[in-house]
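>>> would you be able to build a 3D model of this:
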Amino acid sequence: MEHLNRFAAGGLAPRLTLLFDLPPEEGFARIQGRGFAPDRLERESLDFHRAVREGYLRLAGRSPDRIVRIDADAPEEEVFRSVLQAVAHRFGW
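Predicted structure coming up:
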């Protein structure tokens with residue numbers, strides 16, 4: 001997968017990637033509460049979403065210098081602080 005990403009991006013890679021991690025079950029609950037129809041990917045099975053999440057977590061584990069996991073199940077203010085901290089740390093704010 002990483003090889004395909006490098007190829008598709010022409011060898012470019014971001015200095016920072018934020019991975020907003022949310023258990024798929026919580027994601028499904030949020031989708032239900034939005035009030036409009038899910039898109040094609042949102043209609044995929046829970047097993048599909050679990051596998052996608054695991055894939056992203058593996059990528060983050062292999063690139064901890066670039067990919068920062070943000071707990072998207074945390075309260076909104078905590079998510080915001082985590083994002084600010086990650087960006088400040090990476091770019092020296």
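>>> could you use CA atoms for every contact and neighbour count after this?
Will do.
>>> which residue ranges of the chain form strands?
Along the chain, the segments classed as strands by DSSP state E run 17-21, 67-71.
>>> okay if I get those as JSON lines plus mean pLDDT?
As requested, the strands of the chain are exported to JSON lines (pLDDT from 0 to 100):
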{"stretch": "strand 17-21", "mean pLDDT": "98"}
{"stretch": "strand 67-71", "mean pLDDT": "97"}
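>>> can you tell which of the ones you listed is closest to Gln32?
strand 17-21 (18.3 Å; CA to CA).
>>> that closest one pairs with which strands, and in what direction?
Here strand 17-21 has these sheet partners by DSSP bridges: strand 67-71 (parallel).
>>> how far does the partner strand sit from its chain's centre?
From the chain centre to the centre of strand 67-71 is a distance of 7 Å (CA atoms, centre = their mean, to the nearest Å).
>>> how about stretch 45-60?
Worked out by CA atoms, centre = their mean, stretch 45-60 lies 10 Å from the chain centre.
>>> hmm, who's touching the lowest-mean-pLDDT helix or strand in the chain?
Scoring the helices and strands of the chain by mean pLDDT, DSSP states H and E places helix 2-8 at the bottom, with a mean of 77. Identification of contacts with helix 2-8 by CA atoms under 8 Å, 6 or more residues apart in numbering yields 12-13.
>>> from the strands of the chain, which stretch is densest packed?
Using mean count of other CA atoms under 10 Å, the stretch among the strands of the chain with the greatest mean number of neighbours is strand 67-71 (a mean of 19).
>>> leaving out sequence neighbours, find the closest residue to the most centrally placed residue in the chain.
With distances taken as CA atoms, centre = their mean, Leu19 lies nearest the centre of the chain, 3.0 Å away. Among residues not flanking Leu19 along the chain, Arg69 sits closest, at 4.7 Å (CA to CA, 6 or more residues apart in numbering).
>>> distance to Phe91 for the strands of the chain - can I get that in JSON lines?
Listed next are the strands of the chain as JSON lines, based on distance: least, CA to CA, whole Å:
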{"stretch": "strand 17-21", "distance to Phe91": "12"}
{"stretch": "strand 67-71", "distance to Phe91": "13"}
